[in-house]
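Asks: What would the 3D arrangement of this be:
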Amino acid sequence: MFTTGVHGWLYAAVGCYGIAWALVGLHRQLFGRAALVAGFLLQSLYLAGRGWLGGVFIANPIVEGPFLLPWCLAAVSLLRCIDRSEADLGGMLALVVIFSLFALFYPKGMIPPTPKKLTPWAIGFFLSESMSHALFYISALFALQSLIARKRPTAYFPWLAWGFVIYTVAQVTGAVWSFVGWGNTFSWGARHLGSAAVWLFFAAALHLPLIAGWKTKGALMAVVGGLLVFYVSYSGYIREMQFLRVGG
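Replies: This is a model prediction of the structure:
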């Protein structure tokens, strides 16, 4: 069902996200929300289809970061529409569109998973990691806006805090997956060190406001944290573009 023309759903979803962003910018909030919902549903269909790229259903391609991150950002944007006013929707949709555009140029096939990746712990790790990254990027966006406009100086903080909580879940599920697959919970490789660096940075960012003289620098830390997450994750994604893939 999903193995023929599955990647077309991604292009349609990104088109809807772009339309939603434009409509919100033109203050057509209702139509913008409708386009966002359409894009989210189309990308959900695309992600489900990725599970069948190998001919049998495997969940690993669904949670591949470059494709899952825009979906997470879109999901949070939809919740924002329900939870509060839509004043922040334009900026959040900008993030959805930017990261979706990278997905368009990223290799669409799946990396054949090794037996060590065929475990629910791996799925839990990648899912929680992408969602935490989405929250970190939103936190960085709001922090940057507060630094530029000098308004809402703490708007970024709840996003950073929840991102840290979910990222901690990712570290726990990742450690269990590592133990199940390789017999240890941590290794001195680039992937593990990058994750540790991100966790330690945001742990510091959450606690630095308690130190005299650092309270006003929290927004700057959130922006730097977003850049760190981008560097750690997308340097890995760019490296993985050279890997052998199937179904693309």
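
Asks: what stretches of this protein score poorly on pLDDT?
Replies: Screening the chain residue by residue with the criterion pLDDT under 70, one finds the ranges 1-5, 84-87, 215.

Asks: So residue 245 versus residue 238, what's the distance?
Replies: Residue 245 sits 14 Å away from residue 238, taking C-beta to C-beta, to the nearest Å as the criterion. In short, each C-beta sits where N, CA and C put it, glycine included.

Asks: Pick out whichever of the two has more residues nearby.
Replies: When residue 245 and residue 238 are compared on other C-beta atoms under 10 Å, the one with more neighbours turns out to be residue 245, at 16 against 12.

Asks: secondary structure element for the residue nearest the centre of the chain?
Replies: Nearest residue to the geometric centre of the chain (C-alpha atoms, centre = their mean): residue 69, 3.1 Å. Using DSSP states H and E, the secondary-structure element containing residue 69 is helix 65-83.

Asks: residue furthest from the geometric center of this structure?
Replies: Of all residues in the chain, residue 212 has its C-alpha farthest from the mean position, at 32.6 Å, by C-alpha atoms, centre = their mean.

Asks: Quick check: phi and psi at it.
Replies: Main-chain dihedrals, residue 212, degrees, to the nearest 10: phi -60, psi 130.

Asks: Residue 110 too?
Replies: When quoted as degrees, to the nearest 10, the phi and psi of residue 110 stand at phi -100, psi 150.

Asks: residues contacting it?
Replies: With contacts defined as C-beta atoms under 8 Å, 6 or more residues apart in numbering, residue 110 is in contact with 50, 53, 54, 58, 60, 61, 64, 245, 246, 247, 248.

Asks: how about the nearest residue in space to it that is not next to it in sequence, what does it touch?
Replies: Using C-beta to C-beta, 6 or more residues apart in numbering and skipping the chain neighbours, the partner closest in space to residue 110 is residue 61 (3.7 Å). With contacts defined as C-beta under 8 Å, 6+ apart, the neighbours of residue 61 are 50, 51, 53, 54, 67, 110, 247.
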